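Undergrad: With the sequence up front, the predicted model follows.
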Amino acid sequence: MNKFLSSPFLTFLFSGIVLFSCSTKDEESKKSLTVQINENNIIPFDEAIESIEFIPLKNDSDSPVNLNCSVWRLLVQDERIIYSTICNPDAKIHLYDLSGEHLKTIDKAGDGPEEYQFIQGMNLIQDTLTISVGSGVLKSFLLPDFEFIGSQKLSELFPFLLTFLEYSPGQWLVSPMFMGELDENGTYPVFKNYNSATNSISDLPLRATALTAEISEGEIAQIDPQTHLLNYAFSDTLFLFKEGKTEAFSVIDFGNRKMAKVDLGMDAQDFEATVVNQPYAFNMGKIWYTDSISRIKTFALSPNPNMDISNMRSFPIHEVFINHENNQAVAFPSFAGWSNGFGDAKDGYFYDVLQTEDWIYALEKGSFGSFGEVLEKQLSELNGFEDPILIKYKVKFD
């Protein structure tokens, strides 16, 4: 669970391992799935991007609210943008048209049956927005009017539920908060199946050490309505999930910067030193997918000798994109560094929201490259714009 810990080191206290035995056939299959990721894949942002659109998220002119929040969630539909600022307990959901014009802000935080006590996780299927509000309770609303549809309770064993998906009627794939129970190998299941008809829970065979739970549950990205991609921090493999079963989809090879499995059991103090020294590259557990391209985040793919522990934007975090048709990868430095935001991916494009401080910092550092002039021109026409900016971009591969 993202506990929004005050220590910048603890933000990175997570790890995962995959436990399996391999035959020769397994090794051959693994090689065919492997994608090499190293600092040679890192290129400037403007060289990695085929097309880009900057979409300033304009505030409600009649009743402006604070649109900047360290925890946010973005969902993009064909006709609207859903941007949620999840600074609990004052969480809000903002609707925009595709050009960034404000449509409405929804504020239904509260304890009533048609309100959300908290926003933990979100899932959108067509115009039905389902929110995990705590204690295993899900509440569903119909967009754009946010009409209450109903609620249902999964298991009380899921007090914090960031990641959830009903992949068939009554069958749920979830990644609940780690509750402290480890097996004899010091690991726990990252993902679980929940059957609402029988109130039964079964574990998927993807396991992680307790360090993973300090910051993140597993994440899910849709490939098609029946097939999903799974990732979790420190896993060296992206997994397919289909019809209740998992299989390897892509193996991430960091080469000589790969972390040894024995180190995944280190304690928080040792890992803090590891973060400072940056001896390894690792998968941070994020996942998005569109048009045969997945996006993950990595730490220390290329170490930053000037990392400032008080400035999260200086942490060596990269956005990495994998073309699964040819196993090519391309990467560029993350604009926000470590972020508690959740972007989106749709129809070949990736979407992120840059908080005001993020895009100001990126402009000052020249991080947008040649695209910086495009943004500066837009801003000059907006008369003192100081709210977040959505970026919509398509990645290119040589």
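TA: Good, I have the coordinates.
Undergrad: So which residues of the protein form helices?
TA: Shown for the chain, the helices assigned by DSSP state H span residues 24-33, 45-48, 268-277, 356-365, 371-380.
Undergrad: Quick one: the ones you listed as TSV, columns for distance to Ser63 too.
TA: (Glycine included, C-beta is placed from N, CA and C.) Output for those, formatted as TSV (distance: least, Cβ to Cβ, whole Å):
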stretch	distance to Ser63
helix 24-33	51
helix 45-48	35
helix 268-277	42
helix 356-365	19
helix 371-380	23
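Undergrad: Can you pull out the low-pLDDT segments for the stretch 1-150 of the chain?
TA: Scanning the stretch 1-150 of the chain for pLDDT under 70 picks out the ranges 1-32.
Undergrad: who's in contact with Ile43?
TA: Ile43 sits next to 330-332 when contact means Cβ atoms under 8 Å, 6 or more residues apart in numbering.
Undergrad: and what of Phe397?
TA: 321, 323, 326, 328, 330.
Undergrad: just those residues now: which is nearest Arg80?
TA: Phe321 (25.7 Å; Cβ to Cβ).
Undergrad: Leaving out chain neighbours, which residue sits closest to the residue positioned nearest the centre of the chain?
TA: Nearest residue to the geometric centre of the chain (Cα atoms, centre = their mean): Lys286, 4.1 Å. Once flanking residues are discounted, Lys286 sits nearest to Lys297: 4.5 Å by Cβ to Cβ, 6 or more residues apart in numbering.
Undergrad: Ok, Glu325 next?
TA: Ser292 (5.0 Å).
Undergrad: What separation is there between that neighbour and Ser250?
TA: Distance of Ser292 to Ser250, computed by Cβ to Cβ, to the nearest Å: 11 Å.
Undergrad: Which residue of those two possesses the greater neighbour count?
TA: Taking neighbours as other Cβ atoms under 10 Å, Ser292 and Ser250 compare with Ser250 leading, 20 against 12.
Undergrad: what bridges to that one?
TA: Note on Ser250: beta-bridge partners Leu238, judged by DSSP bridges.
Undergrad: is it true that it touches Ile322?
TA: Yes. Between Ser250 and Ile322 there is a contact at 6.3 Å, judged by Cβ atoms under 8 Å.
Undergrad: Mind listing what's buried along stretch 45-52?
TA: By 16 or more other Cβ atoms under 10 Å, the buried positions in stretch 45-52 come out as 45-46, 48-49, 52.
Undergrad: which of those sit farthest apart?
TA: Spanning the widest gap among those are Ala48 and Ile52, at 10.2 Å by Cβ to Cβ.
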